[in-house]
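**Student:** Take this sequence and fold it.
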Amino acid sequence: MTHTQLTQLVQALLDAPTSNETVKEFAQSWINAEGTPKQEELTKQLVSVAEENIALIDETIGFAGSELATQILGSEGAANLLQHAKDIKAEGAEFCDCPSCVACKNVIDLKAEI
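**Tutor:** Here you go, the predicted structure:
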């Protein structure tokens with residue numbers, strides 16, 4: 001994997017509107033450390049950050065069916081998320097397919113190259 005490809009993966013984590021603050025702060029730190037030994041150290045942590053922050057589909061279903069999801073997304077938004085999560089689980093999805101989880105999955109899939 002080239003440095004450019006790795007940068008694109010990290011940028012995707014930063015840009016995903018659904019990334020949590022931990023992921024966004026990590027990604028921004030990685031980008032800010034461009035070309036330094038600190039970036040090399042952060043690169044070693046990248047896969048574990050992705051693994052800790054990707055949501056299993058059952059976690060997404062649990063969240064979508066919660067009162068918190070209704071408060072955040074509204075009743076219609078929570079119901080739509082719940083139905084979508086159930087649908088993709090029925091199709092075999094293991095993880096949530098929001099932009100943040102997709103970016104995390106891309107990092108995890110390439111961990112042998114990072």
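
**Student:** Now do whichever helix or strand Gln83 is part of: which elements does it pack against?
**Tutor:** Taking DSSP states H and E as the criterion, Gln83 maps to helix 67-90. Helix 67-90 is packed against helix 57-64, with contacts defined by 3 or more Cβ pairs under 8 Å, 6 or more residues apart in numbering; DSSP states H and E. C-beta coordinates here come from the backbone N, C-alpha and C atoms, glycine included.

**Student:** what's the neighbour count on Leu73?
**Tutor:** Neighbours of Leu73 under the rule other Cβ atoms under 10 Å: 16.

**Student:** Name the surrounding residues that touch stretch 37-51.
**Tutor:** Residues from elsewhere that reach stretch 37-51 (Cβ atoms under 8 Å, 6 or more residues apart in numbering): 6, 9-10, 13, 22-23, 26, 29-30, 33, 103-105, 107-108, 111, 114.

**Student:** follow-up on the earlier one: could you check the angle the helix holding Gln83 makes with helix 57-64?
**Tutor:** Our comparison of helix 67-90 with helix 57-64, counting by axes from the mean of the first three to the mean of the last three Cα atoms, to 10 degrees, yields an angle of 150 degrees.
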